Structures are given as C-alpha cells and as structure tokens.
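Visitor: Need coordinates for the following:
(one chain, ligands or ions: 2)
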Amino acid sequence: MDMKDVAEKGLVLLGCGKMGSAMLQGWLADGLPATSVWVKDPYPNDFVQRAGVHVNADLPASPAIVIIAVKPQMMADALPVLAAMGNGTTLFVSVAAGISIATYEGMLGSETPIVRAMPNTPAAVGKGITAIVANAHAGDDGLGAAEGLLQAVGQVVRLEREEQMDAVTGVSGSGPAYVFHLIETLAAAGEAQGLSADLSMALAKATVAGAGVLAELAEETPEQLRINVTSPNGTTQAGLEELMDPANGLPPLMLRTVGAATLRSRELANG
Ligand SMILES: NC(=O)C1=CN([C@@H]2O[C@H](COP(=O)(O)OP(=O)(O)OC[C@H]3O[C@@H](n4cnc5c(N)ncnc54)[C@H](OP(=O)(O)O)[C@@H]3O)[C@@H](O)[C@H]2O)C=CC1
Ligand SMILES: O=C(O)[C@@H]1CCC=N1
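Guide: Residues are numbered from 1 along each chain as shown. Ligands and ions are numbered 1, 2, ... in the order given. Reported below is the predicted structural model:
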C-alpha cells in the first residue's frame, strides 16, 4: 500500500483532537487530498471543519487506513463503529498510549492488520518522531504503509518489541511537554534575575529551539556540544554544577519523570 492507495481508498481518522489534528495538518501539507479523509469526532475543531475533509459523514466500507486517535479511556465507546472494518484489508494504526495490539485484536478481530504507533505533537510542523510496531497480519506491508504515512510528519523508528512502547511514550510521546516546561522554567528563572517576562521568554524559546536544531544537525554528540559551551570556571560551569547535581539536579529528576510516564503508559493498558 502506498499514498496513492490511501488517496484512492480513503483514510479514516477516529478522534481529531490535539494529536489527530497535528498529524492531519502534516498529511494535508504533504499533499494527501482532503477529500480522501473521513474524520469522526463528536465536536470537530475549527481546523477540521475548515480543512475540506469529510466530517462525521458515512464512512467508506473498506478504507485503506484507519487512524485511531481517541483517548485510551474513550476507546471502548469509540471503537465499535469501526468493528465491521476488522478482519479485512483495512490497516488500523493506533496512536493511543498504553492500548496493546492484543486489545485491538480482541475488539476488531484477530485477523485485523494493526500497527501500534507513538507519535508526538511536533508532527504538526513536520518534526515529529513516531515509533511503530505491527502485528503479524499487518506484517512488512502494513509496517511500510504506516511508516510512509508517518514519515510525512517527521522521523519514524521501528521497534523490536511492543513492550518498548511504554518507555518510548515516556521519552518522546510525552517528551515535548518536558521541553515546553523547560522553556517555561528557563523564562521564569530569567525573570527572577530581573529580566522582563517578554524578553526572558524570547531568550528561552530561541535558546531551546536553537540548541535543538544544533543537536540535530551537528556531528558532535549533545555531550560535546554541552562541553563546547562550558568555559573552564565560567558561567556555564557554575550553572551546570546545580543542574547536573547527581543528588538534586536534572539526572535524578529526569529518571523519575520518564519513569512515572512509562509506568502510567503500562497502567493505561489495564484501563
Ligand atoms: N497529545 C499528544 O501529545 C499525544 C497523544 N497521543 C495519543 O493520542 C490520543 C489522543 O490524544 P489527544 O489528541 O491529546 O486527545 P484529545 O482529547 O485532544 O483528542 C481526542 C479526540 O477524540 C474525540 N473523541 C472522543 N470520543 C470520541 C468518539 N467516541 N469518537 C470519535 N472521537 C471521539 C475527542 O472529542 P472531545 O474532546 O469532544 O471528547 C477529541 O477531539 C490519545 O490516545 C493519546 O494517548 C499520542 C502521542 C502524543
Ligand atoms: O499524555 C498522554 O497520555 C499522551 C500520550 C503521550 C503524550 N500524550
């Protein structure tokens, strides 16, 4: 299956909130015709209503792909409308945190091709990263189709085992929120040192965005890039002695942060 098949047979998006809209924005920008997309969502947002896609219309009987982007807690209510598409050629791609492939097989039929994916919201600007893993029925074809679709909104990595998905969710699914909070706290710290709120926020945003691009493009590791900023006995060293404190700094805090998110992903599997 390629993007031409998706355009011909249709893509159904179940749930089009923050993550669904971020991906849809990316796909439409990448050239997927709006008329090939069917969105099901009880309260479609302004973007969806203006995008030219089919909204809460009758669905094609056998679309190429169904994307499931409802909250894990809504799954039992939302999924039954799609049950007739199970056990067929329609590929189901779920982005829901914590919901296992086995759970979908139970709800849609054990012969349904299913890909479980974990994207993140930078997909809205083509800079997402999505991890994917498939069941046997999806196989390489299904994995390839999901990969093609998700590459339109950023990078894609294939996982060796589904169990890795909880930690992936804790790192890159939730990760943009950690980075946005870093921007918030960096700006607040600048204010505490006497800068205006606007100036401090402008400095914090540009610093995080610039460091992110440099980390992505440079040949050096993030560790070396950090060392490059740090003059012996200079300002950065003074700051990093606090931030990198092994007992109270960022390392133990980040371990707890990713650990808590990973654990929550595991818990969501149990409802
Ligand atoms: N946000 C993120 O950064 C990421 C989210 N995810 C996953 O994406 C999924 C969606 O998350 P997110 O976009 O943040 O959540 P949102 O609440 O923003 O989006 C979910 C959408 O589904 C709609 N919905 C609720 N019930 C139904 C139904 N029965 N049928 C169709 N649509 C329904 C909601 O409508 P209403 O608001 O009216 O209830 C809402 O618009 C989750 O499973 C989450 O784990 C994965 C990676 C990153
Ligand atoms: O917070 C959540 O549960 C979802 C999954 C990853 C990002 N947002």
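Visitor: all contacts plus neighbour counts: C-alpha atoms, from now on.
Guide: Will do.
Visitor: what about the helices in the stretch 151-271 of the chain?
Guide: 164-168, 175-192, 197-217, 222-229, 235-243, 250-268 (DSSP state H, counting those that start in this stretch).
Visitor: Which one, of the ones you listed, ends up nearest to ligand 1?
Guide: With C-alpha to the nearest ligand atom as the criterion, ligand 1 lies closest to helix 175-192 of those, at 7.5 Å.
Visitor: hmm, back to that, ranking the helices of the stretch 151-271 of the chain by burial, who's on top?
Guide: Mean neighbour count (mean count of other C-alpha atoms under 10 Å) peaks for helix 164-168 among the helices of the stretch 151-271 of the chain, with a mean of 21.
Visitor: how far does the longest strand seen in the chain sit from the chain's center?
Guide: As assigned by DSSP state E, the longest strand anywhere in the chain is strand 128-134. Its chain's C-alpha centre and that of strand 128-134 lie 8 Å apart, by C-alpha atoms, centre = their mean, to the nearest Å.
Visitor: That one - which strands sit beside it in the sheet, and in what orientation?
Guide: strand 114-118 (antiparallel), strand 154-158 (parallel) (DSSP bridges).
Visitor: Tell me the secondary structure of the closest residue to ligand 1 within the stretch 51-200 of the chain, please.
Guide: Scanning the stretch 51-200 of the chain for proximity to ligand 1 using C-alpha to the nearest ligand atom identifies residue 96 as nearest, at 3.1 Å. With DSSP: H, G, I helix; E, B strand; the rest coil as the basis, residue 96 sits in coil.
Visitor: And it, how far from residue 118?
Guide: Distance of residue 96 to residue 118, given as C-alpha to C-alpha, to the nearest Å: 7 Å.
Visitor: near ligand 2, which residues of the stretch 51-200 of the chain?
Guide: Residues of the stretch 51-200 of the chain found near ligand 2 (C-alpha under 6 Å from any ligand atom) are 97, 169, 173, 174.
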